[in-house]
Structures are given as structure tokens and as C-alpha cells.
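Okay, predicted coordinates and the sequence, questions at the end:
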Amino acid sequence: MSQSPSPAEAVHDADRSRQWLAGHAHGPGVDRDRLLEVGAAMAAVTAAAAEREPVAVASAPVGVDPGAPIVKPLPPELLRPLDTNAEMRWPSMAGQGYVVPVDRFFVRNHTLTPQLDPATWRLRLFGDGLRGAPTRDNPVEFDLDELRRLPAEEHAALLECAGNGRRYFAEQQDEPTPGVVWGLGSVGVARWRGVRLGTVLRLAGLRDDAVDVMPEGLDPDYVSGGVNLGRVRRPMPVAKALDDVLLAYEMNGEPLPADHGFPVRVVVPGWVGISSIKWVGAIEVSTTALFSPWNTQFYRMFGPGQPADGTVLTAQPVRSAFELAWDARVPVGEEVLLTGRSWSGNGPIAHVEVDSGDGWRPADLVAADRGGAWQRWTARWRPPTPGRHVLRARATDCTGAVQPDRAAVNDLAYLFDAVVAHPVTAC
Ligand code: MTE
């Protein structure tokens, strides 16, 4: 979107990490010692094996059934429910276009989808990074019509959970998998339409010395390990906020669906999915660094080889998936057209290889996707013998990063990037 480069997430996180560890944390609900206690408790829980992160709903908005965390239908051929979340079934992408239709786009909810009234919804901006230092109680406000009247842009951007592929830590590497046990389906590309966050920040009176911006969701508070961590929120530097971040009110040409952030969500291209705050209600703008549990306690690498405080999450790694059912039946002796997609947080995919048991061969890349948010590809294969076969896809991105055979182990089981062994049966 913009000519000027925005800071890489990893670089920004490394900076903030140093400030946080030096005790410069700022903002309600983020006390370093408390978070370290919670972090230690979390590590104990996760070490205990494949337990889920405890999730509790502190307060449900009026009109929401807390028993139904997701509003849209979850047809089993399109989506697989996982607690408060749902992952896309990869076979449902076969024959689809570049974007993931809303009916099968994955949902990642820390608690549940709130039902918000667009007529009373307001975006509230506050903090000393805005002229006049408006407070949370007396913020600068925009309603939905005001946002819609501002210049709009539409971009295809990929959204992915850092825990995508987590289940293969257990299945392929025999490692514990705390948290949501995603297969490879917590990823998707959509066309997001909205107003640039930078436009709104400037209208709200952004000061030259503002440093960080922290959007906050209107879903219920998130409770983890018995601690109420407040509303889901995660900071980003002003430079990123002014670059390519959108306040989106449409997804794939339709008003944003409830589960994906209606009426307005943040879309932060290239950054880990948690940055793209749904149901955004408030944005703090600060002249000092901002912190939240979502960049200090979660979305950090803890575990073997890591310091007690953990290290920052790097960019999303390279991943690939076949658009094929697990244990699919394929006709022996007949040519099968295998299809799949690969993507990377570092940038576009350079090439993809497929191995069906007799070595790596290059896949054919769909030309139209070159340089895009993800890359579709195809590979022809004639299953030679009846019985079980294993398919593998391995991508290399534009930085030369290639999927390894084994993913690096970490306590919260993030960033699984190893090649996934996909079983099929020929008959
Ligand atoms: N924003 C709020 N308010 N609450 C959430 O639970 N989940 C985040 C992010 N934004 C979340 C949120 C995470 S972890 C991801 S991966 C993306 O939303 C998922 O977006 P989706 O549900 O539209 O696919």
C-alpha cells in the first residue's frame, strides 16, 4: 500500500521486549511481575501435557448465547469446531479461487462472538499520543457512517494464527500441544475493505511524538490461568499503523460477518493474526511503549533453549497444505491432479516441491498468484500401487527460507513449519 517500508514485526517485538524486560511496561492490566507469575503458571500447565488454555467468559454481551461462541453455521465439510474456534477444512478449498469464502474462513475467538449494534457502535480513540490527550472516558469518537465516508481501500491479505499446524507437534514429533490444537486450517486470505488506520489516527489528532497504538476488542474479557487479562488487545508501532493497516468493514465484498469482527476490525497485513483485533471498540495512542499480555505472555517463545522470559515470536514461517482430505482415497494407476497452497510471513513463495514417495519434484505454480499473499500450485501424480502412500509438500519463500523436516519445539507450540506427511490410500 505505501512506498515507505514498515518495521518488521520481529524487529519491533525485539525492541519492545527489551523495554518490557527493563520494567518500562505501561498501561492498565500489564504488570511485569504479575505476568511472569502467570507465565510460570502457564508453563507448568503446558508442561503437564496437552491441556487446553483455560478460557472463561467474564461477561457476555446482551443477546449472546455463551454456549455458542461462533454465530455462523459450521457445516462439517467446511469447518471443524475446536472449543470457541473453528478451523477451515482444506479439502473445501479445492476448486475455489484465490480468497477463502466467508462460509469456510477460520474463526479464532478467545471467548465468543459478541453481537454489536452498528447504530450505537463507536470507535473511541484516546491517549497522550493524540493532541489534547483525550481520555478513555472522554475520547475522540467515530461512528460507522463517519468511517464509511472516509476514503476506502480494498486489499487481499492473509490472516493466520501463530498456532497453525500445532497438532503436528504431537502427531509428527510426539511433543505436547497446549492451546488450540489446529491442523493447518487456521489460515485464510480475504479481500478486506475499509479505511486506513492512519487516516483515522490523523483525523483524531495524532501527535508527531506518538510511539505506539493499541486497538482493543469489544468481546468479553479473556481469563487465563484464573487471571482476568481484560479485553483482547495488542500494540503496534505508529509506523506500522500509518503504513498498511486497515480498519475493515467489509470482507470479500460483504459487510464484515459477526464472527470476523462486525462492524469493524483491524487488519494488520504480514503480522501474526492476533494483531488483527476484531470488534475494535477503542484504540489507545501513546507517546510511550504499550504492552499487553498478547505481546508479553502469549505469542512469545518459551521452552528449551529460551530464557525464562521467553523470546519474541518471529515472522510466521513457511507452510504448505494440500487441498485434500486426510486419508483421501485416490484411484490406483490413474492420474490425479494434486492441488494445494503455500505461504510465508517473510514474503511471496518462490517455489514448491511435492514428494509422493519417489523424491521431490517441482510443483506448477499458478501464475496469477505470483508475489501475492499465498501461492496456489498443482502437481500430477499416478498412484503406482494399491495401499497407503504419503504425500509431502515443501515450499521455499523469497528469502530462501524452506520448510524443515522438524519444527523447533517451544512450550506454547507456535510456528509449526515442518513438512506435513499427508496420508492417502490408493485403491
Ligand atoms: N480480536 C478479538 N477482539 N478477539 C479475539 O479473540 N483473535 C485474534 C484476532 N483478533 C481475536 C481477535 C486471533 S488469535 C486471530 S488468529 C484472528 O483474530 C482471527 O481472525 P478470524 O477469526 O476473523 O479468522
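Yep, that arrived. In this text the structure is predicted, and so the values were computed from the model without any measurement.

With the flanking residues excluded, which residue is spatially nearest to Pro362?
Leaving aside its chain neighbours, Pro362 sits nearest to Glu353 (5.7 Å; criterion: CB to CB, 6 or more residues apart in numbering). (C-beta placed from N, C-alpha, C; glycine too.)

What's opposite that neighbour in the beta bridge?
Listed beta-bridge partners, Glu353: Pro362, Arg394 (assigned using DSSP bridges).

pLDDT wise, what is it at?
On the pLDDT scale, Glu353 is placed at 98.

Is it in contact with Leu365, as I believe?
No - under the criterion of CB atoms under 8 Å, Glu353 makes no contact with Leu365, lying 11.1 Å away.

check contacts around the residue nearest to Pro362.
With contacts defined as CB atoms under 8 Å, 6 or more residues apart in numbering, the neighbours of Glu353 are Trp360, Arg361, Pro362, Ala363, Ala393, Arg394, Ala395.

10 Å instead, please
Neighbouring residues of Glu353 by CB atoms under 10 Å, 6 or more residues apart in numbering: 320, 359-363, 377, 379, 392-396, 402-403, 419.

ChimeraX command for the buried members of the residues you listed?
Filtering the contacts of Glu353 down to the buried ones (16 or more other CB atoms under 10 Å) takes a single ChimeraX command:
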select :320,363,377,379,392,393,394,395,396,402,403,419
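
which one among the contacts of Glu353 gets closest to the ligand?
Ser320 (18.8 Å; CB to the nearest ligand atom).

May I see the buried residues of the helix or strand where the closest one lies?
Assigned by DSSP states H and E, Ser320 falls within strand 319-322. For strand 319-322, a neighbour-count test (16+ other CB under 10 Å) marks Arg319, Ser320, Ala321, Phe322 as buried.

what's the neighbour count on the nearest residue to Asp143 once chain neighbours are set aside?
The shortest distance from Asp143 to any non-neighbouring residue, by CB to CB, 6+ apart, is to Arg122 (5.7 Å). For Arg122, the count of nearby residues is 14 (other CB atoms under 10 Å).

Use 32 as the first number for this chain going forward.
In the new numbering, first residue 32, that becomes Arg153.

Quick one: residues contacting Arg153.
Contacts of Arg153 by CB under 10 Å, 6+ apart are Pro170, Val171, Glu172, Phe173, Asp174, Leu175, Glu177, Gly312, Ala313.

Of those, keep whichever come out buried.
So, by 16+ other CB under 10 Å, the buried ones in the contacts of Arg153 are Pro170, Val171, Phe173, Leu175, Gly312, Ala313.

if I read this right, the first one contacts Gly236, doesn't it?
No - assessed by CB atoms under 10 Å, Pro170 is found out of contact with Gly236, at 11.2 Å.

any shared contact partners between these two?
Common neighbours of Pro170 and Gly236 (CB under 10 Å, 6+ apart) are Leu156, Leu161.

any idea which residue sits dead centre in the chain?
Gly304 (2.0 Å; CA atoms, centre = their mean).

Next up, identify which helix or strand the residue of the stretch 332-458 of the chain found nearest the ligand is on.
Of all residues in the stretch 332-458 of the chain, Gln347 sits closest to the ligand, at 10.5 Å by CB to the nearest ligand atom. If you go by DSSP H and E, Gln347 is not part of any helix or strand.

For the strand holding Ser351, C-alpha coordinates in CSV please.
Extracted in CSV, the C-alpha atoms of strand 350-353 (Å, rounded to 0.1, in the frame of the first residue of the first chain):
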residue,chain,number,x,y,z
ARG,A,350,3.8,-23.5,5.4
SER,A,351,2.1,-25.7,2.8
ALA,A,352,-1.2,-27.6,2.7
PHE,A,353,-2.8,-30.0,0.2
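
helices and strands around the helix or strand following it, which ones?
Of the helices and strands lying after strand 350-353 in sequence (DSSP H and E), the nearest is strand 359-361. Counting contacts by 3 or more CB pairs under 10 Å, 6 or more residues apart in numbering; DSSP states H and E, strand 359-361 packs against strand 367-374, strand 418-428, strand 453-457.

Pick the most deeply packed of these.
Highest mean neighbour count of these: strand 367-374, a mean of 22 (counted as mean count of other CB atoms under 10 Å).

Can you give the strand pairings for it, parallel or anti for each?
Strand pairing for strand 367-374, using DSSP bridges, gives strand 350-353 (antiparallel), strand 406-412 (antiparallel).

Distance from the longest one to the middle of the chain?
Translated: strand 406-412. Distance of strand 406-412 from the chain centroid (CA atoms, centre = their mean, to the nearest Å) equals 25 Å.

about what we covered before: let me have the strands paired with strand 367-374 in CSV, extended by distance to Pro209 and mean pLDDT.
Listed next are the strands paired with strand 367-374 as CSV, based on distance: least, CB to CB, whole Å; pLDDT from 0 to 100:
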stretch, distance to Pro209, mean pLDDT
strand 350-353, 20, 98
strand 406-412, 31, 98
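
Out of the buried ones among the contacts of Arg153, the closest to Glu366 would be?
Among the buried ones among the contacts of Arg153, Leu175 lies closest to Glu366 (CB to CB), at 51.7 Å.

wouldn't the residue nearest to the centre of the chain be in contact with Phe137 here?
Yes - counting by CB under 10 Å, Gly304 touches Phe137, with 9.1 Å between them.

any residues in contact with both of these two?
Joint contacts of Gly304 and Phe137 (CB under 10 Å, 6+ apart) are Leu190, Glu191, Cys192, Asn195, Ser217, Val218, Gly219.

Okay, and which of these map to helices?
Among the shared contacts of Gly304 and Phe137, no residue falls in helices (DSSP state H).

Report the entries of those that also contact the ligand.
Leu190, Cys192 (CB under 6 Å from any ligand atom).

For the shared contacts of Gly304 and Phe137, which single residue is the most surrounded?
Taking other CB under 10 Å as the neighbour criterion, Asn195 ranks highest of the shared contacts of Gly304 and Phe137 with 28 neighbours.

ok, that one touching Asp448?
Yes - in this structure, Asn195 is within contact of Asp448 by CB under 10 Å, at 9.5 Å.
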